[in-house]
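Visitor: build me a model:
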Amino acid sequence: MTLLAQRRGEVDDAEFRGHWDPVAGTAERRAEVTADSCAYPVTFEVYPLDADVSPQPLVAGVVEDQHRVVVPVDGARPWSPEEPNLYQVCIRSNMGCSAQFTVGFTDVTIGDDGVLCTNGHALRFRGVNRHEFHPTRGRAVTEQDTVADYITMLGHHINAVRTSHSPPASHAMDLADRMGLWVVLEGDVETHGFVRQGWRENPSNDPQWQQAILDRTARMWHRDKNHPCVVMLSLGNESNTGANLRMAAQWLRQHSRLPIHYEGDFQAEYTDVHSRMYATPTEWRKLASGQPHPAFSPDTVQTVAHQPLVLCEYAHAMGNGPGGLDDYERIYREFPRACGGFV
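Guide: Next up, the predicted model:
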């Protein structure tokens, strides 16, 4: 546990989410600052990161109160794994308190055809589920360990990480921004063991757990909301379904435009992406080609037809697996709506 003592006039929270318009080729910054009234006005400046010389800011602005300010940023470039362009935001409160953090500009959309796009281009995940552990130090994972992981991933043409199955160490997000990896940011919710009792008393649907799940969802979002590498927000893992997950999805929609992911929402009631685990190539081809699953309700058939499809887990190397990767690869290439998966 870390206790922070703040001076009067400190900024409590700052959201500086960058948006890239792929049609106009322009960038804008949405700035929102939470602080005591004495901290306003809060000024901010946006600079290119790692500039060789002390640059002039690309944009400077003022946040007068807790309302959001939108300002264009001339000369900015979008963030992508191929070109992870980053910028530094410097903020200063009316009381002289200052802070700095790194941001980028991205555009994540889902077309009417169900194709997931980033910066105007169809996105294809070549992803992995990354569990944070070290062979000798267990959960004590250092920044150097994560750098080594990411170098190995990039060397094998991996472009995305699903944070299995909780938000990672904060340095993992900073490195993903810098090194160029998309991140499916996953909440710290998993109730897999309740399957053994038929999901009775499952926290996902138990009112006693509602606040805890919402709190974990909010903490995930607030810590990592300014990272351009985040491409989707995942409610959790293998927790069946329930009212608390639906409320977590609603909370995220009030705070973010990013697509919401959760494999357990089989009937597509509160997520934006249809996600599956370990679907066979035959089943995956049927879904990608628009054939409805026999267990779908009529409403689900209509919804899923316009959603991206992602295999959030597949090719599990356990027993005599994995195999058939070429079959999945052919489906990804044939149907852009099938936007890839995470081994």
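Visitor: give me the distance between Thr282 and Ala315.
Guide: Per Cβ to Cβ, to the nearest Å, Thr282 is found 16 Å from Ala315. C-beta coordinates here come from the backbone N, C-alpha and C atoms, glycine included.
Visitor: neighbour-wise, which of those two wins?
Guide: Ala315 (16 against 9; other Cβ atoms under 10 Å).
Visitor: unless I misread the structure, the more buried one falls within a strand.
Guide: No - if the criterion is DSSP: H, G, I helix; E, B strand; the rest coil, then Ala315 is coil and not within a strand.
Visitor: tell me the contacts of it?
Guide: Ala315 sits next to Gly321, Pro322, Leu325, Tyr328, Gly341, Val343 when contact means Cβ atoms under 8 Å, 6 or more residues apart in numbering.
Visitor: how about Gly111?
Guide: Here Gly111 is in contact with Cys117 (Cβ under 8 Å, 6+ apart).
Visitor: same check, this time on the one 4 residues further on
Guide: Going by Cβ under 8 Å, 6+ apart, Val115 touches Ala122, Pro308, Pro336, Arg337, Cys339.
Visitor: how does it look with 7 Å?
Guide: Going by Cβ atoms under 7 Å, 6 or more residues apart in numbering, Val115 touches Ala122, Pro308, Pro336, Arg337.
Visitor: out of those, which are buried?
Guide: Pro308, Pro336, Arg337 (16 or more other Cβ atoms under 10 Å).
Visitor: now those as TSV including distance to Thr102, pLDDT and secondary structure?
Guide: Shown next, in TSV, are the buried ones among the contacts of Val115 (distance: Cβ to Cβ, whole Å; pLDDT from 0 to 100; DSSP: H, G, I helix; E, B strand; the rest coil):
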residue	distance to Thr102	pLDDT	secondary structure
Pro308	28	98	coil
Pro336	31	96	coil
Arg337	32	96	coil
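Visitor: about what we covered before: show me which of the contacts of Val115 is closest to Arg137.
Guide: For the contacts of Val115, the residue nearest Arg137 by Cβ to Cβ is Pro308; the value is 36.8 Å.
Visitor: nearest residue to that closest one in space, please, no chain neighbours.
Guide: Once flanking residues are discounted, Pro308 sits nearest to Leu116: 3.9 Å by Cβ to Cβ, 6 or more residues apart in numbering.
Visitor: low-confidence stretches in the stretch 1-150 of the chain?
Guide: Per-residue confidence for the stretch 1-150 of the chain (pLDDT under 70) gives these ranges: 51-54.
Visitor: can you point out the buried residues in the longest helix seen in the chain?
Guide: Ranked by number of residues, the top helix in the chain under DSSP state H is helix 210-224. Within helix 210-224, the residues scored as buried using 16+ other Cβ under 10 Å are Gln210, Ile213, Arg216, Thr217, Met220, Trp221, Asp224.
Visitor: going by distance to Glu186, which of the residues you listed wins?
Guide: The nearest member of those to Glu186, counting by Cβ to Cβ, is Met220 at 8.0 Å.
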